[in-house]
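Enquirer: Got a sequence here, can you model it:
(chains A, B, C and D, ligands or ions: 2)
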Amino acid sequence: MELTLNHRKEGDRTVLEVGGEVDVYTAPKLREKLVELVGEGHYQIVVDMTKVEFLDSTGLGVLVGGLKRVRSHDGSLSLVCNQERILKIFRITGLTKVFPIHDSLDEALQDTD
Amino acid sequence: MELTLNHRKEGDRTVLEVGGEVDVYTAPKLREKLVELVGEGHYQIVVDMTKVEFLDSTGLGVLVGGLKRVRSHDGSLSLVCNQERILKIFRITGLTKVFPIHDSLDEALQDTD
Amino acid sequence: MRDVELHVPPDVQYVGLVRLVVTAGARQAGMTNERIEDLKIAVSEATTNAIQAHRREQADGPITLQFGSASTDQFHVTILGAGYIPTGVDGSESTAAGERNLGLTLIRGLADVVDFQGPTTKASVHMRFTVGLTPPAANVDSL
Amino acid sequence: MRDVELHVPPDVQYVGLVRLVVTAGARQAGMTNERIEDLKIAVSEATTNAIQAHRREQADGPITLQFGSASTDQFHVTILGAGYIPTGVDGSESTAAGERNLGLTLIRGLADVVDFQGPTTKASVHMRFTVGLTPPAANVDSL
Ligand SMILES: Nc1ncnc2c1ncn2[C@@H]1O[C@H](COP(=O)(O)OP(=O)(O)O)[C@@H](O)[C@H]1O
Ligand SMILES: Nc1ncnc2c1ncn2[C@@H]1O[C@H](COP(=O)(O)OP(=O)(O)O)[C@@H](O)[C@H]1O
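Expert: Ligands and ions are numbered 1, 2, ... in the order given. This is a model prediction of the structure:
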């Protein structure tokens, strides 16, 4: 299962849809994509992880890196995730306190923090 | 993927639907089923392999055993198979000359050999 | 189930294969899908660490995955590779969550029992997972 | 792709795991789905034979699967186990099709190249598969 990445604008937000497996082999592609988006001026990013099938610490690290990057431009990076198995790893690592995590894309887009 | 076995009467024939993987681990279940059917007086058997996902020589051996068994009762055993990857192993082993092989169950049921 | 062993080159492209194999083994041992997800993550972390240790030390040998179940409700898995477990990340202390040690934090949070072996020329991470049950809730809540 | 090695106990329940692992490896090496089906059957046959040889000889050691690709279009796979290849089934002669030697007939018919090693305490079946192409049609037609 490869990693798939697709992004689009939704108002002033940029939604990055991630699908498949994010591990040490595929995470560099996600990192590049985030770097590229921020480089192009996308500072309000919503990462939609609804279709992620596997995520480990390498993927978490890349998301934290993306958050730092947008913050240095006063931007935001929030997550859409409704899968218990993925939420669990954010909880275990304490990253639920670091990322705004939403149940659905609609909720993420309505959030104005 | 486990082996699945279901049988039903269709006129004077007994259709045995086989699904999943038939290998050295699962073939004994298929053998037992054929022995049981013949023991109960089912001598005109159509083995429907449309849903077989894997078949190797152990499975071929069991089918040959079934054929011998019904023949000793003047019965018949024919196959329904439309998957090239499965047909190929019957060709390589020369068993296309041993079994009547049909494209569809309808065709197998109409065959009066 | 007796032990199965997989050796892969120390290259990140094989982490997916390691997950696939341990998943198949755990399923055969009767592990629940939920618990298999935990197992996959923990194994992925330990394998990634071993591969990275090999790279740092330019070690060329394979990474080894061993697993099996001694009893019907215990599944054990060991990841073996070159490398060492540096002091402070030997599993004895609970690291503050953040961006560091995410991998080891996950391993400790997901496995029922973890045993890190090192520093030697070979490092190993040995884990145990209950086949039928979810882990003690404490593992999650205490973090 | 460098070599991957899998060791499983000599028990029929592991033949499915062996197929799963070689399938994942071949897919990673870029093999076509059609050719992967051939590979799965040939590997399943060789593994089954090795397991049965272990049982006959009451050998307890593992069965080993090794695979990798030396070049981008060649995938090689070896199944190693106790046992021997009896005379007459060493791959040199084309057995008349029937109910006997079905397994070896399939291995010979599906792999591009087969090399049986034995009789010794260890028997091996080494096969080669082209990654991108279907096998020479002759393999099928000549039977
Ligand atoms: N098998 C190992 N061999 C050597 N060092 C290791 C091993 N596992 C972990 N480490 C060390 O422990 C540190 C923390 O591991 P981990 O929590 O997985 O990393 P990260 O901080 O990258 O998420 C790593 O940076 C590494 O230096
Ligand atoms: N690895 C092996 N070790 C020992 N004997 C083997 C091995 N592989 C095949 N054989 C022998 O060759 C015979 C033919 O093999 P095969 O064609 O696979 O069997 P079958 O006739 O059961 O389809 C077997 O019955 C077995 O005695």
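
Enquirer: Listing partners with orientation, what would you give for the longest strand along chain A?
Expert: Secondary structure of chain A per DSSP state E: the longest strand is strand A:44-55. Sheet pairing of strand A:44-55 (DSSP bridges) gives strand A:13-22 (parallel), strand A:76-80 (parallel).

Enquirer: residues making contact with the first one?
Expert: So that's strand A:13-22. A:1-9, A:26, A:30, A:33-34, A:37, A:42, A:44-56, A:58-59, A:62, A:105, A:108-109, C:16 (Cβ atoms under 8 Å, 6 or more residues apart in numbering or on different chains). Where C-beta positions appear, they are placed from N, C-alpha and C, glycine not excepted.

Enquirer: Of these, select the buried ones using a ChimeraX command.
Expert: Restricted to buried positions by 16 or more other Cβ atoms under 10 Å in any protein chain shown, the ChimeraX selection for these reads:
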select /A:3,5,7,26,30,33,34,37,42,44,45,46,47,48,49,52,54,55,56,58,59,62,105,108,109 /C:16
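
Enquirer: And for A:Glu36, the neighbour number?
Expert: 12 (other Cβ atoms under 10 Å in any protein chain shown).

Enquirer: so how far is C:Thr78 from it?
Expert: According to Cβ to Cβ, to the nearest Å, A:Glu36 stands 39 Å off from C:Thr78.

Enquirer: Give me the nearest residue to the most centrally placed residue in chain C, chain neighbours excluded.
Expert: For chain C, the residue sitting closest to the mean C-alpha position, by Cα atoms, centre = their mean, is C:Val43 at 3.5 Å. Distances taken as Cβ to Cβ, 6 or more residues apart in numbering or on different chains place C:Val22 nearest to C:Val43, at 5.0 Å, with adjacent residues excluded.

Enquirer: That neighbour: what's it in contact with?
Expert: C:39-40, C:43, C:65, C:67, C:77.

Enquirer: all helices for chain C, in order.
Expert: Counting by DSSP state H, residue ranges of the helices within chain C are C:15-28, C:33-56, C:102-110, C:138-141.

Enquirer: Could I get these in a markdown table, plus columns for distance to D:Arg35 and mean pLDDT?
Expert: Output for these, formatted as a markdown table (distance: least, Cβ to Cβ, whole Å; pLDDT from 0 to 100):
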| stretch | distance to D:Arg35 | mean pLDDT |
| --- | --- | --- |
| helix C:15-28 | 19 | 95 |
| helix C:33-56 | 28 | 93 |
| helix C:102-110 | 37 | 93 |
| helix C:138-141 | 45 | 40 |
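
Enquirer: quick one, which of those is nearest to ligand 1?
Expert: helix C:102-110 (2.2 Å; Cβ to the nearest ligand atom).

Enquirer: hmm, the closest one touching ligand 1?
Expert: Yes - for a cut-off given as Cβ under 6 Å from any ligand atom, helix C:102-110 has contacts with ligand 1, namely C:102-104.

Enquirer: just curious, which of those residues is nearest to B:Gln83?
Expert: C:Gly103 (43.6 Å; Cβ to Cβ).

Enquirer: per-residue confidence at the one residue sitting closest to the centre of chain A?
Expert: Taking Cα atoms, centre = their mean, the centroid of chain A lies closest to A:Val47, which sits 3.2 Å from it. Note on A:Val47: pLDDT of 98.

Enquirer: what's near enough to touch it?
Expert: A:16, A:18, A:63, A:66, A:77-80.

Enquirer: And the furthest pair within those?
Expert: A:Gly66 and A:Val80 (14.3 Å).

Enquirer: where's C:Arg55 relative to C:Ala82, distance?
Expert: 10 Å.

Enquirer: contact partners of stretch C:46-61?
Expert: A:23-24, A:56-58, C:10-12, C:14-15, C:18-19, C:63, C:65, C:79-84, C:103-104, C:107, C:123, C:125, C:127.

Enquirer: Now A:Arg85: which helix or strand?
Expert: Taking DSSP states H and E as the definition, A:Arg85 sits inside helix A:84-92.

Enquirer: is that helix anywhere near chain C?
Expert: Yes - if you take Cβ under 8 Å from any Cβ of the partner chain as the test, helix A:84-92 does meet chain C, through A:85, A:88-89, A:91-92.

Enquirer: what angle sits between that helix and helix C:102-110?
Expert: 110 degrees (axes from the mean of the first three to the mean of the last three Cα atoms, to 10 degrees).

Enquirer: Counting by contacts, list what helix A:84-92 packs against.
Expert: Judged by 3 or more Cβ pairs under 8 Å, 6 or more residues apart in numbering or on different chains; DSSP states H and E, helix A:84-92 is in contact with strand A:44-55, helix A:57-71, helix C:33-56, helix C:102-110, helix C:138-141.

Enquirer: List the contacts of it.
Expert: Contacts of helix A:84-92 (Cβ under 8 Å, 6+ apart): A:49, A:52, A:55-57, A:60, A:81, A:96, A:99, A:101, C:34, C:37-38, C:41, C:105-106, C:109-110, C:139-140, C:143.

Enquirer: Leaving out chain neighbours, which residue sits closest to A:Gly59?
Expert: Spatial nearest neighbour of A:Gly59, excluding adjacent residues (Cβ to Cβ, 6+ apart): A:Val22 at 3.5 Å.

Enquirer: Tell me the bridge partners for that neighbour.
Expert: Going by DSSP bridges, A:Val22 forms beta bridges with A:Leu55.

Enquirer: so what pLDDT did it get?
Expert: What the model reports for A:Val22 is a pLDDT of 98.

Enquirer: Around it, count how many other residues there are.
Expert: 24.

Enquirer: contacting residues around A:Ala108?
Expert: A:13, A:46, A:48, A:78-80, A:100, A:102.

Enquirer: isn't A:Thr58 right up against A:Arg31?
Expert: No - assessed by Cβ atoms under 8 Å, A:Thr58 is found out of contact with A:Arg31, at 9.4 Å.

Enquirer: low pLDDT regions in chain A?
Expert: A:1, A:113 (pLDDT under 70).

Enquirer: Kindly report the residues of it close to ligand 1.
Expert: Near ligand 1, when you scan chain A using Cβ under 6 Å from any ligand atom, you find A:Ser57.

Enquirer: For the closest residue to chain C within chain A, give me phi and psi.
Expert: Using Cβ to the nearest Cβ, the closest approach of chain A to chain C is made by A:Gly94 at 2.5 Å. The phi/psi pair for A:Gly94 (degrees, to the nearest 10) reads phi 80, psi 10.

Enquirer: same deal with the one 5 residues further on?
Expert: Torsion angles at A:Phe99 (phi, psi; degrees, to the nearest 10) stand at phi -110, psi 140.

Enquirer: so what's it closest to, chain neighbours aside?
Expert: Among residues not flanking A:Phe99 along the chain, A:Leu79 sits closest, at 5.1 Å (Cβ to Cβ, 6+ apart).

Enquirer: What sits closest to C:Arg35 if chain neighbours are left out?
Expert: Nearest non-adjacent residue to C:Arg35 (Cβ to Cβ, 6+ apart): C:Phe129, at 6.1 Å.

Enquirer: What is the neighbour count of the one you found?
Expert: C:Phe129 has 26 neighbouring residues, counting by other Cβ under 10 Å.

Enquirer: Likewise for C:Asp60?
Expert: C:Asp60 sits with 10 neighbouring residues when counted by other Cβ under 10 Å.

Enquirer: Angles on the backbone of it, please.
Expert: phi -100, psi -20.

Enquirer: Give me the pLDDT value at it.
Expert: pLDDT, read off for C:Asp60, is 83.
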